[in-house]
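Asker: take a look and give me a structure for this.
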Amino acid sequence: MPTKIHLSLLLAICIALTSCAPAAQPTAAPVVVEPTFIVQPSETATNTPLPSETPTLTPTATSTETPSPVPTVESLSATVNTNLVSCRYGPGSEYLYLDAFKQDYPLTLLGQTGGNDWLMVHDEGFGDCWVKAKFLNIQGDYKTLPVVYPEPAHIPMTSRYAPTAVISATRAGNNVTVVWLAVKVDIGDFEDAEMFIYIAEIWRCEGGQLIFDPIASNRETVTFVDEPGCAQPSHGRIFVQEKHGYTRPAEIAPWP
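Answerer: Predicted coordinates:
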């Protein structure tokens with residue numbers, strides 16, 4: 001009897017101890033921490049915009065090239081290519097006659113006007129005068145000659161007559177008309193029957209270029225075309241012409 005009691009008591013104690021023990025907790029999975037890498041940009045790296053970004057393009061400045069100036073030579077050699085060519089006191093057929101050269105005659109070219117195709121030539125016997133380029137075989141490009149007119153080259157002067165005076169210079173579209181006072185030249189002071197009393201030297205704009213245009217007239221007015229678009233201003237002057245030379249010029253005031 002006592003043995004049964006002890007067994008029952010022991011069994012009861014074991015059951016009580018088992019029920020009071022805490023339940024086993026599940027083992028937690030280990031947490032893996034991924035390393036963080038920071039990429040440092042290199043000095044040569046370029047920033048690439050994200051797909052959602054619109055890159056801003058900065059226009060590149062366009063350089064404007066300045067045309068190189070034509071090199072200048074001191075002189076050129078030439079020969080006459082026609083039977084007989086006139087050499088004038090000024091750069092145009094309107095000026096007084098000085099001399100004539102035969103075909104193949106050698107000449108030295110010293111300058112140009114920069115606005116037409118008349119060239120200043122030198123001859124040992126007669127000095128300096130002007131010949132049209134197309135009547136010469138030129139060794140080189142005459143546009144490389146220095147511009148010598150209206151300075152330092154000049155036309156011969158006379159004191160026999162007073163200069164004229166410009167009255168007006170007016171524009172109608174691209175046409176400019178200049179009017180000046182009359183000067184009476186004695187018939188004995190005409191070089192020949194074809195001589196003109198007045199020479200209007202006009203620097204006018206045509207096709208974006210300043211053209212030198214000497215205009216002869218026996219009336220006290222000339223009209224010429226002067227277009228816009230030249231970097232240099234148009235201008236001009238009026239000479240009275242007689243067989244001994246030219247009066248002082250009458251400058252034309254800037255026209256509109």
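Asker: least trustworthy helix or strand in the protein by mean pLDDT?
Answerer: helix 2-20 (a mean of 44; mean pLDDT, DSSP states H and E).
Asker: next SSE after it?
Answerer: Counting by DSSP states H and E, the next helix or strand C-terminal to helix 2-20 is strand 76-80.
Asker: in that following strand, what's buried?
Answerer: Across strand 76-80, burial judged by 16 or more other Cβ atoms under 10 Å covers 76, 78, 80. Just so you know, the C-beta spots here come from the backbone N, C-alpha and C atoms, and that holds for glycine as well.
Asker: ditto for stretch 152-161
Answerer: Quick answer for stretch 152-161 (16+ other Cβ under 10 Å): 153, 155, 158, 161.
Asker: can I get the residues you listed in CSV with secondary structure?
Answerer: Formatted as CSV, those follow (DSSP: H, G, I helix; E, B strand; the rest coil):
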residue, secondary structure
Ala153, coil
Ile155, coil
Thr158, coil
Tyr161, coil
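Asker: make TSV out of the residues you listed and add distance to Ala231 and pLDDT.
Answerer: As requested, the buried residues of stretch 152-161 are exported to TSV (distance: Cβ to Cβ, whole Å; pLDDT from 0 to 100):
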residue	distance to Ala231	pLDDT
Ala153	24	95
Ile155	27	97
Thr158	35	97
Tyr161	36	98
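Asker: of those residues, which is the nearest to Asn137?
Answerer: Using Cβ to Cβ, Ala153 comes nearest to Asn137 of the buried residues of stretch 152-161, at 22.7 Å.
Asker: look up how far Tyr89 lies from the closest one.
Answerer: 10 Å (Cβ to Cβ, to the nearest Å).
Asker: tell me how many other residues surround Val222.
Answerer: Neighbourhood size, Val222 [other Cβ atoms under 10 Å]: 20.
Asker: can you check Pro249 too?
Answerer: 20.
Asker: does it really touch Ile202, like I thought?
Answerer: No - under the criterion of Cβ atoms under 8 Å, Pro249 is not in contact with Ile202, lying 12.0 Å apart.
Asker: what does stretch 248-255 contact?
Answerer: Stretch 248-255 has contacts (Cβ atoms under 8 Å, 6 or more residues apart in numbering) with 157, 163-166, 169-171, 176, 178, 180, 201, 226, 233-239.
Asker: from the residues you listed, which ones fall inside strands?
Answerer: 166, 169-171, 176, 178, 180, 201, 235-239 (DSSP state E).
Asker: quick check, nearest of those residues to Tyr105?
Answerer: Glu201 (28.1 Å).
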